[in-house]
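*Asks:* Need a 3D model of the sequence below.
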Amino acid sequence: MTPVRPVAAGDLAAVLELLVTRERRTLGIAETTEARLRDRVGLPGHDGWVTTGEQGSITGYASLDAAQEAELVADDPLAGALLEQVEARARERGFDGLTLTAPTEDETLRAQADRAGFSHERTTLRMWHTLTGVSTPTWPDGVSLRTYADGDGPAVKALIDRAYGGWDDTYVARPLDDWLAFMTDHDEFDPELWFLAERDGQLLACALHWREHQGRGWLKDLVVDERERARGLGTALVRRGLAVYAARGAEQVGLKVDDANPTGAPRLYAALGFETDRRYAIWAKQL
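*Replies:* Okay, the predicted model is just below:
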């Protein structure tokens, strides 16, 4: 039987090496950093496991979070043992499903997901905008803009949950404490980059960005209340973010968007100058 045990703090360097090695092999570049890994492992709803080889060396890693999202990096047959552990824990936690995300270039992970009974659900696009000639945003009548303040978390989360849960059958709302840790308890969070659009004190839309790093910004979430769509509010929020990043000296802004998003988000981003550079397959399994 393959040794599987919970991940420990002392395992993170070895886990990071596994993740970086896989990314370099499949993508040609490593994108996971020590800080981001520590942030993920430190979330309230995180579970993680490793497999060990000779002399206790770390040979595989898997995790599960409160959004029912799993992560896996292991060669066969270790992958099967780790996914069995993930599924067992998911059932213990009362989850009704799991998702795995694999870049389309990662044929190994996609094959492992397929063998474990996951089905391809949809594809996510990663897009980038080069910051040249940024347009000034035009706001719909009666809309005011402000940045995030302490105490806004529940309202922002509720808006996001309503929007994503309204069309994505695999979307799982995180508990508030987990969401706040995931979104705000790390160095990439900057409340001055979280823009909230309101009318008469009611939250209508938000655009949540990460702090720029090495000349690049990132649009994490853009959500417009269903009743306010098709009025230019999403466009204005994107342009506001681009302008602020440009003023900070960033050169590019990236984002991820579901290619089947029925709100028209992929078309909006393309019309604003974002271009796709990578695709990720989302694999789902019902428990």
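*Asks:* Can you give me the distance of the residue of the chain most remote from its centre to residue 180?
*Replies:* Centroid-distance maximum for the chain: residue 55 at 34.9 Å, with C-alpha atoms, centre = their mean. Taken as C-beta to C-beta, to the nearest Å, the spacing of residue 55 relative to residue 180 amounts to 40 Å. From N, CA and C alone the C-beta is placed, and that goes for glycine too.
*Asks:* before we move on, what about residue 271?
*Replies:* For residue 271, the distance to residue 180 equals 33 Å [C-beta to C-beta].
*Asks:* between these two, which one's more packed in?
*Replies:* A count of neighbours by other C-beta atoms under 10 Å puts residue 180 above the other of residue 271 and residue 180, at 17 against 11.
*Asks:* residues near residue 282, how many?
*Replies:* Using other C-beta under 10 Å, the number of residues around residue 282 comes to 21.
*Asks:* Tell me how far stretch 170-189 lies from the chain's centre.
*Replies:* Mean-position distance between stretch 170-189 and its chain equals 10 Å (C-alpha atoms, centre = their mean, to the nearest Å).
*Asks:* Give me the contacts around that stretch.
*Replies:* Residues outside stretch 170-189 that contact it (C-beta atoms under 8 Å, 6 or more residues apart in numbering) are 35-36, 39, 42-45, 65-69, 95, 97, 99, 121, 153-154, 157, 161, 164-165, 208, 210-211, 213, 218, 220, 282, 284.
*Asks:* ditto for stretch 261-280
*Replies:* Judged by C-beta under 8 Å, 6+ apart, the contacts made with stretch 261-280 from elsewhere in the structure are 27, 101-104, 123-130, 163, 167, 222, 224, 229, 234-235, 238-239, 242, 255-259.
*Asks:* confidence score at the residue farthest from the centre of the chain?
*Replies:* As summarised for this prediction, residue 55 has a pLDDT of 78.
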